[in-house]
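Novice: dropping the sequence and predicted coords here.
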Amino acid sequence: MQQRSLGGTRVSAIGLGGMPMSIEGRPDEDRSIRTIHAALDAGITLIDTADAYHRDAGEVGHNEVLIAKALKSYGSDASGVLVATKGGAQRPGDGSWTLNGHPDYLKDAAKASLQRLGGDAIGLYQYHRPDPDVPYEDSIGALKDLLDEGVIRMAGISNATVHQIRKANEILDGGLASVQNQFSPAFRSSQDELDYCGENGIAFLPWSPLGGIKKAGDLGENFAPFQDVANRHGVSPHQVCLAWELALAPTVIPIPGSSRPESIQDSAQATELELSSEEIEVLSRTE
């Protein structure tokens, strides 16, 4: 499995997004654990989660607990796996999302996530989404405090603009490890952020890199050039999509969500797919 740098830590160039295993329509626990184990078997060493990845009220941290259980039950050494979690978004249990970027809340949420995940510190903790009611500087300041306290080893941000990336990196004394924004063939408004991260050595983690839970299955149908390239290479259009994203910058690490072993195993193979410069150019023009 090809590797890339995330805050100075080497991780697999493809990560596993855990959200589909815990929200609406989630599979049973056995299949979810088999999916996580399949990712580890394929060489994936980055797993993304959040305390808000749950379905019902009263089960905050469902996905974190699931991942911790899967890592503990894995038959081989999983100590090299980096688990990245997030705080600052909440789900009341009715399918909606709310925001809370208050520093005290973020600190308490991080410590609760650490308790669910286990270990001495969270490998990567990311501010989930800016709260318009709280100064951004205050929220990022909480991440710096968590770093100083040793609760987290690396800090990142999610759903951020270039201005917010600059501001966060400044507050963190140049130590911003990652930016997690939505990016896919169907959603390219984070291209500027992707480019900025590539130019400044910050890991860029595209979420929903295949278009999202409901649209990933139709990727080849909705974006014909991806299917054409896939047919040429004898692979899935999903592999082509991930390989294309990897080619956009050396700091890109896509984190496709998955709830089936077969799908994450297919995604993991994208790191071995070499696209020509002409193919990359065609796919970059496809909308």
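Specialist: Looks like it came in fine. Residues are numbered from 1 along each chain as shown.
Novice: next up, the contacts around residue 254.
Specialist: Going by CB atoms under 8 Å, 6 or more residues apart in numbering, residue 254 touches 14-15, 205-206, 209, 242, 245-246, 267, 270. For every residue, glycine as well, the C-beta is placed using N, CA and C.
Novice: cool, residue 6 as well?
Specialist: The neighbours of residue 6, taking CB under 8 Å, 6+ apart as the test, are 46, 82, 124, 154, 177-178, 203, 253.
Novice: tell me which stretches of the stretch 51-200 of the chain form helices.
Specialist: Under the criterion DSSP state H, counting those that start in this stretch, helices of the stretch 51-200 of the chain are mapped to 62-73, 103-117, 136-149, 162-171, 191-200.
Novice: got CSV for those, with distance to residue 284 too?
Specialist: Listed next are the helices of the stretch 51-200 of the chain as CSV, based on distance: least, CB to CB, whole Å:
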stretch, distance to residue 284
helix 62-73, 32
helix 103-117, 36
helix 136-149, 31
helix 162-171, 19
helix 191-200, 9
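Novice: how about those in TSV, adding distance to residue 2, mean pLDDT and mean neighbour count?
Specialist: Formatted as TSV, these follow (distance: least, CB to CB, whole Å; pLDDT from 0 to 100; neighbours: other CB atoms under 10 Å):
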stretch	distance to residue 2	mean pLDDT	mean neighbour count
helix 62-73	22	98	20
helix 103-117	26	98	18
helix 136-149	28	98	19
helix 162-171	25	98	17
helix 191-200	16	98	16
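Novice: and the gap between residue 78 and residue 67?
Specialist: 10 Å (CB to CB, to the nearest Å).
Novice: top of the contacts of residue 6 by number of neighbours, please.
Specialist: Using other CB atoms under 10 Å as the neighbour test, the contacts of residue 6 are led by residue 203, with 29 neighbours.
Novice: so what pairs up with that residue in the strands?
Specialist: Residue 203 has the following beta-bridge partners by DSSP bridges: residue 178.
Novice: same question, residue 4
Specialist: Beta-bridge partners of residue 4, counted by DSSP bridges, are residue 11.
Novice: kindly report the same for residue 90.
Specialist: Beta-bridge pairing for residue 90 (DSSP bridges): residue 98.
Novice: what's the burial count for it?
Specialist: 18.
Novice: contacts only, for it.
Specialist: Going by CB under 8 Å, 6+ apart, residue 90 touches 52, 60, 97-100.
Novice: shouldn't residue 37 be in contact with residue 71?
Specialist: No - if you go by CB atoms under 8 Å, residue 37 and residue 71 don't touch, sitting 9.2 Å apart.
Novice: now residue 118. Nearest residue, chain neighbours left out?
Specialist: Nearest residue to residue 118, sequence neighbours excluded (CB to CB, 6 or more residues apart in numbering): residue 68, at 5.5 Å.
Novice: ok, that neighbour to residue 184 distance?
Specialist: From residue 68 to residue 184 the distance is 28 Å (CB to CB).
Novice: and for residue 59?
Specialist: Residue 59 sits 28 Å away from residue 184, going by CB to CB.
Novice: of those two, which one has the most company?
Specialist: Ranked by neighbour count (other CB under 10 Å), residue 59 and residue 184 place residue 184 first, with 23 against 14.
Novice: show me where the stretch 151-287 of the chain has its strands.
Specialist: 152-158, 176-180, 203-204 (DSSP state E, counting those that start in this stretch).
Novice: looking at the protein, which residue lies furthest from center?
Specialist: Distance from the centre of the chain peaks at residue 232, with 28.8 Å (CA atoms, centre = their mean).
Novice: list the buried residues of the lowest-mean-pLDDT helix or strand in the chain.
Specialist: Ranking every helix and strand in the chain by mean pLDDT, DSSP states H and E puts helix 219-222 at the bottom, with a mean of 94. By neighbour count on 16 or more other CB atoms under 10 Å, the buried set for helix 219-222 is 219-220.
Novice: C-alpha coordinates for that helix, PDB please?
Specialist: The C-alpha atoms that make up helix 219-222 are tabulated as PDB, following Å, rounded to 0.1, in the frame of the first residue of the first chain:
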ATOM      1  CA  LEU A 219     -20.300   7.400 -10.200                       C
ATOM      2  CA  GLY A 220     -19.500   5.700 -13.500                       C
ATOM      3  CA  GLU A 221     -23.000   6.500 -14.900                       C
ATOM      4  CA  ASN A 222     -23.000  10.100 -13.800                       C
END
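Novice: okay, buried residues for stretch 35-43 please.
Specialist: Buried, per 16+ other CB under 10 Å, within stretch 35-43: 35-40, 42.
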